[in-house]
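[1] For reference, the sequence and a predicted model appear below.
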Amino acid sequence: MPDTTDVTSPIILAFSGGLDTSFCVPWLKAHYGRDVITVTVDTGGIDARAATELEDRARALGAIEHVLLDRKQAFFDRVIRYLIAGNLIISGPRVPAWCVGAERGVQAEALASLARERAATTVAHGCTAAGNDQVRFEVALRTLNPGLEVLAPVRDNNWVRDEQLRYLSDHDLPLPAQGSAYSVNRGLWGVTIGGRETLTSEKSIPEDAWVLSAGALEQDRGKTSHTLGFRAGIPVTLDGEALEPVPLIESLEALAGACGIGRGIHVGDNRARRTKARVAFEAPAAVTLITAHRELEKLVLSGHQARLKDSVAAVYGDMIHEGRQLDLAARDAEALLASSQRRVTGDVHFTLAPGNLFVTGATLAALPAPAATQGVYGEAAGEWTAADALGYCRGILSSPGTLQTRAGQVD
């Protein structure tokens with residue numbers, strides 16, 4: 001493929017304000033002799049004060065312009081609603097999609113779109129060679145625009161944190177607020193925190209390093225009762241108040257985060273190095289919403305529906321985790337997930353206490369499956385007669401085993 005890079009156009013840098021992207025601004029300017037435009041794609045966790053601080057930092061580092069793009073609603077519409085529908089949360093190796101990694105595809109789309117608007121032929125990101133984010137950005141950007149030059153200075157030059165800090169210090173440039181102790185990534189769906197403790201398997205991060213739940217488990221709080229309302233699988237109310245999904249998630253994050261819900265240490269597969277990686281996380285809204293949603297679904301979906309949906313959701317989770325959410329197969333998975341939610345409408349009641357989330361029950365808009373039968377678990381067969389049950393057990397389920405015994409195939 002011929003080189004279409006325009007060395008006179010600016011470099012569009014995905015900017016989080018952390019050490020890696022802070023280092024990239026002056027280094028890109030010095031190394032390539034080109035202007036740098038920083039862009040922060042807000043997929044959650046950025047308030048007005050943080051937005052101002054990001055712009056001030058970017059300009060102090062040498063960016064000619066800083067752009068803030070609000071993509072919180074797009075993040076929900078394009079990704080989170082399907083994570084909820086698929087009950088996708090970290091609970092095993094086949095369901096990795098959540099927290100900060102799930103938003104990288106949306107951020108990559110915004111980055112490519114801005115590059116197109118500014119006629120820029122080069123974009124850059126601050127990912128290292130050690131993580132999964134490089135995979136998500138590279139795959140998404142390559143899919144969106146195969147001719148776009150993508151730079152990753154920290155990864156490609158093997159810069160380590162101490163070297164980046166020294167570079168900024170030597171050039172009298174501002175250092176990130178958190179310095180080099182912890183790497184924090186925050187979005188609408190949660191927070192990940194990496195530090196020296198997560199490099200080994202023995203310890204958790206210190207209490208004051210938690211972003212959403214510091215001290216939550218040490219507070220003497222009473223139990224509180226709450227209700228989440230869903231319409232076709234979409235969260236629409238919290239404690240009776242109608243809210244759009246984004247503010248609902250933000251409100252639930254504060255509510256459940258204060259009780260330490262969704263806090264943990266995750267050990268997962270690093271797709272880049274094929275090794276195990278360990279990171280602290282906080283996802284109070286995600287854990288609460290998916291826990292409530294799962295309980296509501298149990299009252300609506302048949303066993304075959306649930307099994308089919310779960311199998312598709314596992315594949316979809318892998319695709320999001322690997323940055324392949326632009327693949328056409330992801331659209332097919334989303335269509336099935338959306339279809340499965342048509343009757344998932346109702347209220348879920350739950351209680352919160354420090355370290356404890358408990359679903360007490362649910363009220364459905366339609367007749368729930370347990371209420372549709374005349375049977376009573378353990379007591380009355382309902383639609384079956386005793387003869388029906390006997391015939392099912394002896395004539396249907398037992399037949400394969402009986403025939404295998406007669407044929408001498410059972411040990």
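    Alright, I've got the coordinates.

[2] ok, which stretches of the stretch 101-250 of the chain are helices?
    Here the stretch 101-250 of the chain has its helices, by DSSP state H, counting those that start in this stretch, at 104-117, 133-144, 153-156, 161-170, 245-257.

[3] Turn those into JSON lines, columns for mean pLDDT and mean neighbour count.
    Just so you know, the C-beta spots here come from the backbone N, C-alpha and C atoms, and that holds for glycine as well. Shown next, in JSON lines, are the helices of the stretch 101-250 of the chain (pLDDT from 0 to 100; neighbours: other Cβ atoms under 10 Å):
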{"stretch": "helix 104-117", "mean pLDDT": "91", "mean neighbour count": "22"}
{"stretch": "helix 133-144", "mean pLDDT": "86", "mean neighbour count": "21"}
{"stretch": "helix 153-156", "mean pLDDT": "92", "mean neighbour count": "19"}
{"stretch": "helix 161-170", "mean pLDDT": "92", "mean neighbour count": "14"}
{"stretch": "helix 245-257", "mean pLDDT": "97", "mean neighbour count": "20"}
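
[4] Make TSV out of those and add distance to residue 343.
    Below are those laid out as TSV (distance: least, Cβ to Cβ, whole Å):
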stretch	distance to residue 343
helix 104-117	28
helix 133-144	33
helix 153-156	46
helix 161-170	50
helix 245-257	19
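
[5] Report how many residues lie close to residue 303.
    The number of residues packed around residue 303, counting by other Cβ atoms under 10 Å, is 7.

[6] okay, it: pLDDT?
    Listed pLDDT for residue 303 reads 93.

[7] Phi first, then psi, for it.
    The phi/psi pair for residue 303 (degrees, to the nearest 10) reads phi -60, psi -40.

[8] measure residue 35 to residue 188 for me?
    Separation of residue 35 from residue 188 (Cβ to Cβ, to the nearest Å) stands at 31 Å.

[9] Between these two, which has more neighbouring residues?
    Remark: of residue 35 and residue 188, residue 188 carries more neighbours, 26 against 16, as counted by other Cβ under 10 Å.

[10] just so I have it, where are all the strands in the protein?
    Applying DSSP state E to the chain gives strands spanning 11-14, 36-42, 65-70, 122-124, 149-151, 182-187, 190-195, 224-231, 234-238, 241-242, 263-270, 275-282, 346-353, 356-364.

[11] Low-confidence regions, the stretch 301-411 of the chain specifically.
    Along the stretch 301-411 of the chain, the parts satisfying pLDDT under 70 run over 366-384, 410-411.

[12] was I right about residue 70 contacting residue 42?
    Yes - counting by Cβ atoms under 8 Å, residue 42 is a contact partner of residue 70 at 5.0 Å.

[13] Would you mind telling me which of the two has more residues around it?
    Legend: neighbour count by other Cβ under 10 Å for residue 70 and residue 42, higher for residue 42 (21 against 16).
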